[in-house]
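In: can you look at this prediction? I've put the sequence above it.
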Amino acid sequence: MAQKEIYDVVIIGGGPAGLAAGIYVKRAAMDAVLVEKGVPGGQVCITKGVENYPGIADISGFDLSDKFYQHAKSYDLETIPDEVTAVEPGSELHSVRLAGGEVLKARSVIIAAGGTAKKLNVPGEIENFGKGVSYCATCDGFFFRGKVVCVIGGGDTALEDALYLAKIAKHVYLIHRRDEFRGSKILQQRVFSEPSVEIIFNTVPTSILSDPFGVRAVALQNTVTGDTKELPVEGVFIFVGFSPNSVLAPEGMKISESGYILTDEKLETSIPGIFCAGDLRQNFAKQIVIAASEGCIAALASARYVEEKKARGHLKTA
Ligand code: FAD
Ligand code: NAP
């Protein structure tokens, strides 16, 4: 239940971008609320370890998320555990609709809703989700102790999670559709020197095969020769990219061809008073430090927007 009739800032999403925005808007003395549909921390919660957040050499994703959350809560940031279903722009106040039925009125909105793992869209994927198919090694790796698994993908997530699974599983096949990884050089070096990881390049999965006990194999096709084969595995970890949660972008808001929200340098979208930060924004790279810094920029810019509008008497005070 919302504590205010009108908020200066409504923040959508409690990942690094949203929580950093929460810290900065509260420090700017804004009436703010953050709406999060799941566990605060966003994708960081499903990250095993973080080694590239400046000032913290090595920390678990869970611990870093908790630090962000506790920091935001230390400024008495109000949080609502609910899902935002729509953002409706208005000339004076924007409306943020919640699945629970409530409608929050906001002078400004920061959309920091990140994104979610992409699906492979092959037969057997959805049917076997939770029965051998996973999108999170940190969450499910434990269930594959001493078993043979495969990882699909060639980005940072696939490389990082192949390394993670190598410590738990008996053997890890890392299957990538090209002959070169997209992931960072340092992770590539680690993968190449990990004896439990066997790399299969130029190959795509065409289906995931199961029996009543769960996944038993993955059907593969070589992208160069066209050859097919069945590879016996008990787990299939799919890391083939990311879909931005741009469903929240209101009609008329400018988004890129691939669905990322476009902003100016203040991170204001094409709709005045609505800002966007983090992985959902069209930006150069997707990282925790980038999401957090964008949360900061969006917060400072939204606070400035609200103050200027109030000063000009364009907005009602609460
Ligand atoms: P998110 O973290 O996606 O948070 C968005 C939040 O919004 C979520 O909590 C979600 O539940 C919420 N939300 C979405 N829709 C709604 C809605 N409609 N209503 C309410 N709430 C909503 N980066 C690094 O810098 N270092 C790493 O080591 C690293 N490892 C990674 C490992 C994995 C497996 C993954 C997937 C990513 C990793 N990243 C890493 C990238 C990093 O996690 C992201 O760049 C960062 O989390 C983006 O933050 P965000 O706040 O923009 O979005
Ligand atoms: P990503 O970088 O988009 O990589 C996706 C991978 O999946 C690519 O290698 C792609 O192949 C492959 N792929 C896509 N569709 C496929 C399909 N249908 N079949 C087979 N393979 C397919 O995604 P990500 O690895 O999840 O990373 C997302 C973002 O988070 C990135 O910006 C990344 O840097 C960041 N991240 C950072 C860290 C870290 O810093 N430690 C860790 C994890 C994630 P192609 O290469 O051929 O396109």
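Out: Received the coordinates, thanks. On a predicted model such as this, the values are computed, not experimentally measured, just so you know. Ligands and ions are numbered 1, 2, ... in the order given.

In: for the rest of this, base every contact and every neighbour count on C-alpha atoms.
Out: Will do.

In: got the contact list for residue 297?
Out: 21, 266-267 (C-alpha atoms under 8 Å, 6 or more residues apart in numbering).

In: who wins for most neighbours among those residues?
Out: residue 21 (33 neighbours; other C-alpha atoms under 10 Å).

In: buried sites along the helix or strand containing it?
Out: Assigning secondary structure by DSSP states H and E places residue 21 in helix 16-27. Under the neighbour-count criterion of 16 or more other C-alpha atoms under 10 Å, helix 16-27 has 16-26 buried.

In: just confirm residue 295 is within a helix.
Out: Yes: assigned with DSSP: H, G, I helix; E, B strand; the rest coil, residue 295 falls within a helix.

In: I figured it hits residue 25, correct?
Out: No: taking C-alpha atoms under 8 Å as the definition, residue 295 is not a contact partner of residue 25, at 9.6 Å.

In: is residue 170 in contact with residue 148, as I believe?
Out: Yes: counting by C-alpha under 8 Å, residue 148 is a contact partner of residue 170 at 5.5 Å.

In: from residue 129, how far out is residue 140?
Out: From residue 140 across to residue 129, the span is 11 Å (C-alpha to C-alpha, to the nearest Å).

In: got it, and residue 177?
Out: According to C-alpha to C-alpha, residue 177 stands 22 Å off from residue 129.

In: who has more neighbours out of the two?
Out: Counted by other C-alpha under 10 Å, residue 177 and residue 129 do not tie: residue 177 has more neighbours, with 19 against 14.

In: residue contacts, the more buried one?
Out: Contacts here follow C-alpha under 8 Å, 6+ apart; on that basis residue 177 touches 153-154, 201-204, 223.

In: buried ones among those?
Out: Here, 16+ other C-alpha under 10 Å leaves 153-154, 201-204 buried among the contacts of residue 177.

In: possible to save those as JSON lines with distance to residue 48, pLDDT and secondary structure?
Out: Formatted as JSON lines, the buried ones among the contacts of residue 177 follow (distance: C-alpha to C-alpha, whole Å; pLDDT from 0 to 100; DSSP: H, G, I helix; E, B strand; the rest coil):
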{"residue": "153", "distance to residue 48": "18", "pLDDT": "98", "secondary structure": "coil"}
{"residue": "154", "distance to residue 48": "18", "pLDDT": "98", "secondary structure": "coil"}
{"residue": "201", "distance to residue 48": "25", "pLDDT": "98", "secondary structure": "coil"}
{"residue": "202", "distance to residue 48": "28", "pLDDT": "98", "secondary structure": "coil"}
{"residue": "203", "distance to residue 48": "27", "pLDDT": "98", "secondary structure": "strand"}
{"residue": "204", "distance to residue 48": "26", "pLDDT": "98", "secondary structure": "strand"}
